[in-house]
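Colleague: need the 3D shape of this:
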Amino acid sequence: MGYVTAVPHPRSEAAGPARSGRRSLGVALFCGALGAAVALLSTRQSWSEGTASVAGGAFPLTARGSDVTGVPAALAIVGLAALVAVFAVRRSGRLLVSALLALSGAGTVAAALIGLNDSSALDEKAAQASGDTSATVDALSHTAWPYVAAVGGGLILLAGLLALRYGRLWPAMSGRYERDGTPRPRKAKPVDPDRPEDLWKALDRGEDPTGT
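Modeller: Okay, here's the model as predicted:
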């Protein structure tokens, strides 16, 4: 008795990459947009707190993320722009933009973690509050917002890695061109037999204006 070998259908083979492309596209868009929003929001929150000695008393001080470092916010904007640009380019251009997206996320994570232990912003405020340029902040403490900014950067990084891996399966923004790069032919306007100029234009195009 012979055995029949099942031959995979071409459509089923093509459906796998298509599903992976759609799934990765949705995850990348969600992670990239959410990560940028989280990173930008985090930089507007209080990252560190402390006190300065003013007139024998303790003067409370706070420093927002944007006071500590402007790098996470700047890289989050770059990452958001790169996420949009991924769909406007093809082939090697898409690869480069995807790499920029991933680097923006990695840079956001690094800048947020470095800013976690940075007290220069509060030291500057302590010097201004006390009138002593050598004054430094006392009772320094940090909030959880730098970690939240790092999480936002991690989401941007994930979006970039997905773009590097699956970006070739994603659609492009332009719809005027076919996949081979050639413009789609435009439909010719119908010829009006009562307009002599339309008849002459049809003859110039090699068409039969009578439709026979």
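Colleague: which positions in stretch 95-104 come out as buried?
Modeller: Residues of stretch 95-104 classed as buried by neighbour count (16 or more other CB atoms under 10 Å): Leu95, Val97, Ser98, Leu100, Leu101, Ala102, Leu103, Ser104. For the C-beta atoms, the positions are set from N, CA and C on the backbone; glycine is no exception.
Colleague: where along the protein do the helices fall?
Modeller: 10-43, 65-68, 71-85, 91-115, 120-130, 145-166, 196-204 (DSSP state H).
Colleague: shaky segments in the chain?
Modeller: 1-21, 173-212 (pLDDT under 70).
Colleague: possible to save the buried residues of stretch 95-104 as CSV with distance to Asp118?
Modeller: Formatted as CSV, the buried residues of stretch 95-104 follow (distance: CB to CB, whole Å):
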residue, distance to Asp118
Leu95, 34
Val97, 31
Ser98, 30
Leu100, 26
Leu101, 26
Ala102, 25
Leu103, 22
Ser104, 20
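Colleague: the helices of the chain: which one's closest to Ala55?
Modeller: helix 120-130 (8.7 Å; CB to CB).
Colleague: for that closest one, the distance to its chain's centre please.
Modeller: Counting by CA atoms, centre = their mean, to the nearest Å, helix 120-130 is centred 35 Å from the centre of its parent chain.
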